[in-house]
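Student: Dropping a prediction and its sequence here:
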Amino acid sequence: RVLPSHASPVSARAVQSANYDFVIVGGGPSGLVLADRLTEDPKVTVLVIEAGPFDQGEDGVRVPGAWNPVPYFWPGLVTEPLTALNGRAEQVVVGKVVGGGTTINAMNILRATTADFAAWVSLGNGGWGWNDMLPFFKKGENFTAPDPAFAASNNISWDDSVRGHGGPLQYSYSNYNYPGSGQWWSAGLSVGLKPVHDPSSGVNTGLFWVPTVLDTKTQTRCSARVAHYDSVKTRPNYHVLAEHQVAKVLFKGTRATGVQYLGSSGGNTSTVFASKEVILAAGALHTPQILQLSGVGPEKLLKSLGIPVVAKLPGVGTNFQDHASIVVQYNFSNIITPNAGSLATNATYAAEQRALYDSHQPSAFTVVRGLGSTFGALSFKDLANASASIISNAKTRDAAASLPADEDRTVVAGYKAQREILVQQLQNPDMAVSVTAWDTFSSVMVAVLKPFSRGKITIKSTDVRVEPKLDYRTATDPSDLPILTATLRKLRQIMSAPAMAALGTNEAAPLGAHVQSDEDFETVLRASLGASSAHQCCSAPMMPLKMGGVVDPKHNVYGVTGLRIADVSTFPMAVSGGPTANVYAVAEKVADIVKKTYKLA
Ligand SMILES: Cc1cc2nc3c(=O)[nH]c(=O)nc-3n(C[C@H](O)[C@H](O)[C@H](O)COP(=O)(O)OP(=O)(O)OC[C@H]3O[C@@H](n4cnc5c(N)ncnc54)[C@H](O)[C@@H]3O)c2cc1C
């Protein structure tokens with residue numbers, strides 16, 4: 001069979017029954033980092049199977065100020081009824097496209113902190129501390145410093161020694177600032193928040209400009225597709241089969257030998273083989289789905305669907321987390337323009353900014369559409385009226401009471417250890433437990449970064465095209481809503497500080513003057529909290545088997561051989577930044593482990 005001669009999309013026919021060294025399931029950031037690094041060795045052959053298509057370079061994908069990647073959202077993902085949120089069910093979003101979430105996401109690139117990774121280590125994962133991770137953060141990225149004068153006048157600061165300079169992932173800062181963010185910054189300072197010199201240096205509590213994956217040469221998004229596929233197009237040993245969905249991993253005994261797949265719009269199933277390993281990188285919703293479909297998961301579930309059990313692994317699909325978030329609207333009698341709404345509301349301004357962008361000058365089109373650039377990451381100590389009882393209640397609560405009634409004892413043990421860490425994190429002034437950001441127009445986002453609640457992903461059919469049950473269980477643990485309440489109270493302080501009050505600030509839905517008591521806040525949160533920030537994680541966690549873990553510190557799946565997981569599902573706990581920077585670094589580290597295992601060049 002003649003295979004294509006360079007890194008390229010391949011046809012289903014070319015791949016059918018072929019044999020690769022590695023078959024990677026999912027072409028998001030984790031999958032493409034693995035494929036890129038493994039094919040650095042010209043003797044190694046790699047196939048990535050990705051359910052979505054290649055993007056067509058649309059403005060909605062490439063141009064930050066035109067952000068609108070809806071065609072590449074995975075359709076039909078809806079939560080189970082959210083019992084703690086008035087039984088609502090919500091649509092959720094992940095990418096279905098080569099590049100996965102990084103082709104469609106909000107471009108913010110923010111590392112987790114020393115305390116986040118210390119937690120991973122204390123959950124039994126030696127070798128995954130901050131000092132172990134820093135080289136892999138740096139390896140993957142190429143930071144381009146902003147114009148010094150622009151940085152100095154807009155509160156942008158960084159520590160060049162922690163930023164990477166030789167990797168394929170381009171990132172920097174937008175080169176335009178909406179003036180309102182200066183007011184927000186001053187208001188934050190006036191209520192006690194501190195400027196963070198570099199949120200990528202291991203501590204991020206306070207105020208900072210968030211870097212974005214902006215390639216300053218082109219002023220466009222640098223996705224995983226751009227950084228880890230387009231950039232290595234001359235390699236003949238790197239293939240991508242797009243628009244095909246893996247239905248299950250094939251095993252001989254307990255050894256993974258390949259995968260079965262079908263066209264994303266249907267058709268017959270085919271197989272392809274992996275002589276070394278199958279690597280799952282299908283994201284936090286679909287990696288546990290594929291494991292369960294393949295006979296690796298909770299025994300009772302597999303048996304109930306008649307799936308032959310390859311390995312009993314109770315943790316598969318448990319420990320599921322996301323950053324639940326709420327948007328608060330504000331009206332202003334004295335708002336500063338232009339602001340994040342101006343591209344949509346003022347055609348003259350939008351045309352002027354687009355012309356500047358097209359001639360490569362500083363422009364609002366380098367800012368992700370509808371978003372602000374400044375974050376306030378808050379420790380528990382920074383929150384307003386956060387009573388000590390939140391911590392003491394969290395400490396004394398029985399862990400099992402916060403999990404589904406029939407949860408496996410190993411999963412309960414792992415969650416118990418995580419709760420102890422969460423309680424310590426609440427007491428750590430260097431650990432952000434929630435975050436807030438004003439878009440400079442009409443809305444402020446507040447999200448919980450360190451949820452106590454845990455969800456669960458379980459298949460309900462043996463057919464990969466039937467989406468699994470996405471049981472988010474948001475805010476089912478009693479600690480999460482009080483932490484969000486204390487964050488909303490802090491937001492109120494920021495918005496009524498003189499620098500923001502000067503804009504004629506009026507708090508609107510879902511808050512407002514009628515919301516005062518803790519009970520009022522709780523009512524609002526139950527009605528309006530969103531289950532997701534599209535930061536799904538942790539559903540196939542790296543932890544010891546006796547703690548409900550699914551992969552070991554080398555990311556091998558327990559109980560089988562020839563099968564690893566490289567993606568966001570392996571995070572043991574949600575981190576205090578967005579997932580993406582950490583997904584890239586974890587995948588770089590996993591690639592390094594695989595290369596060493598097989599002595600690859
Ligand atoms: C709208 C949106 C905004 C976001 N904003 C940010 C942000 O600003 N900052 C940040 O840090 N994070 C953000 N994220 C989250 C971030 O993009 C993800 O955490 C990250 O992409 C996860 O990487 P991954 O490789 O683990 O999985 P994914 O990126 O989800 O990639 C998994 C890939 O596997 C494919 N796949 C799934 N099942 C199969 C199958 N059966 N067969 C073949 N292929 C399959 C999917 O199509 C997908 O392309 C955002 C996400 C979204 C959706």
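Tutor: Alright, I've got the coordinates.
Student: Give the pairing partners of the worst-scoring helix or strand of the chain on mean pLDDT; include direction for each.
Tutor: One helix or strand of the chain scores below all others by mean pLDDT, DSSP states H and E: strand 8-9, with a mean of 82. Using DSSP bridges, the strands paired with strand 8-9 are strand 238-241 (parallel).
Student: would you list every one of the strands in the stretch 251-400 of the chain?
Tutor: For the stretch 251-400 of the chain, the strands defined by DSSP state E, counting those that start in this stretch cover 255-263, 266-280, 296-297, 311-312, 325-332, 374-378.
Student: Count the residues that sit near the closest residue to the ligand within the stretch 101-250 of the chain.
Tutor: Going by CB to the nearest ligand atom, the ligand is nearest to Gly101 of the stretch 101-250 of the chain, at 2.3 Å. In this view, the C-beta of every residue, glycine as well, is placed from N, C-alpha and C. By other CB atoms under 10 Å, 28 other residues sit near Gly101.
Student: what sits against it?
Tutor: Shown here is Gly101, whose contacts under the criterion CB atoms under 8 Å, 6 or more residues apart in numbering are 28-29, 94-95, 283, 534, 579-580.
Student: same question, Gly52
Tutor: Contacts of Gly52 (CB under 8 Å, 6+ apart): 27, 72, 74, 95-98, 100, 242-243, 264.
Student: what about 6 Å?
Tutor: 96-97 (CB atoms under 6 Å, 6 or more residues apart in numbering).
Student: Doesn't it belong to a helix?
Tutor: No. Counting by DSSP: H, G, I helix; E, B strand; the rest coil, Gly52 is not found in a helix; it is coil.
Student: Next one: it from the ligand, what distance?
Tutor: 4 Å (CB to the nearest ligand atom, to the nearest Å).
Student: do the same with Thr348
Tutor: Thr348 is 29 Å from the ligand, by CB to the nearest ligand atom.
Student: and that residue, how many neighbours?
Tutor: For Thr348, using other CB under 10 Å, the count is 8.
Student: And the contacts of stretch 246-265?
Tutor: With CB under 6 Å, 6+ apart as the test, stretch 246-265 has contacts from 23, 25, 49, 51, 243-245, 269, 271-274, 278, 293-294, 310, 464, 560-563.
Student: circling back to that earlier point, tell me the confidence at the residue of the stretch 101-250 of the chain closest to the ligand?
Tutor: At Gly101, the model reports a pLDDT of 98.
Student: what does the one 5 residues further on give?
Tutor: We note a pLDDT of 98 for Ala106 in this prediction.
Student: For it, pull up the helix or strand it's in.
Tutor: Using DSSP states H and E, Ala106 sits in no helix or strand.
Student: quick one, what contacts the nearest residue to it once chain neighbours are set aside?
Tutor: Spatial nearest neighbour of Ala106, chain neighbours left out: Val368 (5.4 Å); criterion: CB to CB, 6 or more residues apart in numbering. Taking CB under 6 Å, 6+ apart, we find Val368 in contact with 64, 67, 106-107.
Student: Could you report the separation of Asn556 from the ligand?
Tutor: 17 Å.
Student: Who does that residue form a beta bridge with?
Tutor: The partner residues for Asn556, given DSSP bridges, come to Arg564.
Student: Convert stretch 457-465 to CSV, retaining C-alpha atoms only.
Tutor: C-alpha atoms of stretch 457-465 as CSV (Å, rounded to 0.1, in the frame of the first residue of the first chain):
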residue,chain,number,x,y,z
ILE,A,457,-19.0,10.1,33.0
THR,A,458,-20.6,6.8,32.2
ILE,A,459,-21.6,5.2,28.9
LYS,A,460,-25.2,4.3,28.4
SER,A,461,-24.8,2.4,25.2
THR,A,462,-22.2,0.2,23.5
ASP,A,463,-22.3,2.6,20.5
VAL,A,464,-19.7,5.3,20.5
ARG,A,465,-22.1,7.6,18.7
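Student: hmm, who's touching that stretch?
Tutor: Contacts of stretch 457-465 (CB under 6 Å, 6+ apart): 245, 247, 288-289, 292-293, 301, 305, 317, 320, 468-469, 539.
Student: still on that earlier bit, which single one of the contacts of Val368 is nearest to Asn428?
Tutor: Using CB to CB, Ala106 comes nearest to Asn428 of the contacts of Val368, at 26.8 Å.
Student: before we move on, the earlier item: which one of the strands of the stretch 251-400 of the chain lies closest to the ligand?
Tutor: Going by CB to the nearest ligand atom, the one of the strands of the stretch 251-400 of the chain nearest the ligand is strand 255-263, 6.8 Å.
Student: Any idea how far that closest one is from the middle of the chain?
Tutor: The chain centre lies 26 Å from the centre of strand 255-263; the measure is CA atoms, centre = their mean, to the nearest Å.
Student: repeat for stretch 199-209
Tutor: For stretch 199-209, the distance to the chain centre is 18 Å (CA atoms, centre = their mean).
Student: So is that stretch next to the ligand?
Tutor: No. Using CB under 6 Å from any ligand atom, stretch 199-209 never reaches the ligand; the gap is at least 12.2 Å.
Student: In terms of secondary structure, what does the next helix-or-strand element following the least confident helix or strand of the chain contact?
Tutor: Going down the chain from strand 8-9, the next helix or strand is helix 12-15, by DSSP H and E. Using 3 or more CB pairs under 6 Å, 6 or more residues apart in numbering; DSSP states H and E, no helix or strand is in contact with helix 12-15.
Student: now check the helix or strand that helix 12-15 is followed by, is it near the ligand?
Tutor: The first helix or strand that comes after helix 12-15 along the chain, using DSSP H and E, is strand 19-25. Yes. Strand 19-25 lies within reach of the ligand by CB under 6 Å from any ligand atom, at Val25.
Student: for strand 19-25, the distance to its chain's centre please.
Tutor: 25 Å.
Student: ok, and what's touching the helix or strand following that strand?
Tutor: Where DSSP H and E defines the elements, the next helix or strand beyond strand 19-25 is helix 29-38. Residues outside helix 29-38 that contact it (CB under 6 Å, 6+ apart): 22, 24, 44, 46, 48, 100, 102, 224, 228-229, 232, 238, 279, 281, 566-567, 583-584, 587-588, 591.
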